[in-house]
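Chemist: Let's see this in three dimensions:
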Amino acid sequence: MRFSRSSRTSALRVTAAAASGVFAMAALTGCLGDDDKDKATGTGATKAPTASAEASAEPSGKADPSAKSTGTGKPSTGKPTSTSTSSQVEAVVLAAGECIDTSATGDISKKPCTGPHGGEVGAVLTIPDSRTPTSMTYKKDNEAACEAAVMPIIDRQPNAKDLSFSYYSPTVSSWMQDNDRTLQCIIVRADKAKLTAKLK
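Modeler: Next up is the predicted model:
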């Protein structure tokens, strides 16, 4: 005796396949982010592609004014060590020596260095095309590049032990769509307190 397949079973299988396709598409879309949702509205800032904020700090505290992180440092040196976290912010075109503040919502705005500010741009670097955001060592490589660029600045400060750094790097989306290769290295206080003067 032969049984015919019911149309309901086939419909359920088709519905399940369609649902898994929708789920996969939603997951992929979630990974790429919503550029409209990620945009910041900081005042006094020039807009650029979305960037990912990364933090670096001494083992005793977190340094990034807006990011949450846990450390993997070099405690024996007594110098700022690295920690890593990601949060998406709207990138702002910054130059070395400029001072910034980051709001609770992640908006970045330029501030005078003579007043309270969250950080000072220590270096603006260009990421080589070979170091893409999808690379397993992307964060580590960006962190090392910023550390090499800002440690000479941090080391010459009278309060060097209180300072650390964070950085802003391109997201997959800004790398692919906007050809963004900018790595912005920001010097901050390890205890998240405001800086009150320009660094030397």
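
Chemist: For stretch 163-172, the averaged confidence score.
Modeler: When pLDDT is averaged along stretch 163-172, the result is 95.

Chemist: Stretch 118-136 now?
Modeler: 97.

Chemist: how about that stretch as PDB, C-alpha atoms only?
Modeler: Provided in PDB are the C-alpha atoms of stretch 118-136 (Å, rounded to 0.1, in the frame of the first residue of the first chain):
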ATOM      1  CA  GLY A 118      37.600  62.700  27.900                       C
ATOM      2  CA  GLY A 119      40.700  62.200  25.800                       C
ATOM      3  CA  GLU A 120      43.300  63.600  23.500                       C
ATOM      4  CA  VAL A 121      44.000  62.200  20.000                       C
ATOM      5  CA  GLY A 122      47.600  60.900  20.300                       C
ATOM      6  CA  ALA A 123      47.800  59.600  16.700                       C
ATOM      7  CA  VAL A 124      45.800  59.000  13.600                       C
ATOM      8  CA  LEU A 125      47.100  56.000  11.600                       C
ATOM      9  CA  THR A 126      46.200  54.300   8.300                       C
ATOM     10  CA  ILE A 127      45.400  50.600   8.600                       C
ATOM     11  CA  PRO A 128      46.900  48.500   5.800                       C
ATOM     12  CA  ASP A 129      44.500  46.800   3.400                       C
ATOM     13  CA  SER A 130      45.900  43.400   4.600                       C
ATOM     14  CA  ARG A 131      44.600  44.000   8.200                       C
ATOM     15  CA  THR A 132      40.800  43.700   7.600                       C
ATOM     16  CA  PRO A 133      38.100  43.900  10.300                       C
ATOM     17  CA  THR A 134      37.400  40.200   9.700                       C
ATOM     18  CA  SER A 135      40.900  39.200  10.600                       C
ATOM     19  CA  MET A 136      41.300  37.200  13.800                       C
END
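
Chemist: Counting neighbours, which bits of that stretch end up buried?
Modeler: Neighbour-count burial for stretch 118-136, counted by 16 or more other C-beta atoms under 10 Å, picks out 118-125, 127, 133. All C-beta spots, glycine's among them, are computed from the backbone N, C-alpha and C.

Chemist: next one: stretch 106-114
Modeler: By 16+ other C-beta under 10 Å, the buried positions in stretch 106-114 come out as 106-111, 113.
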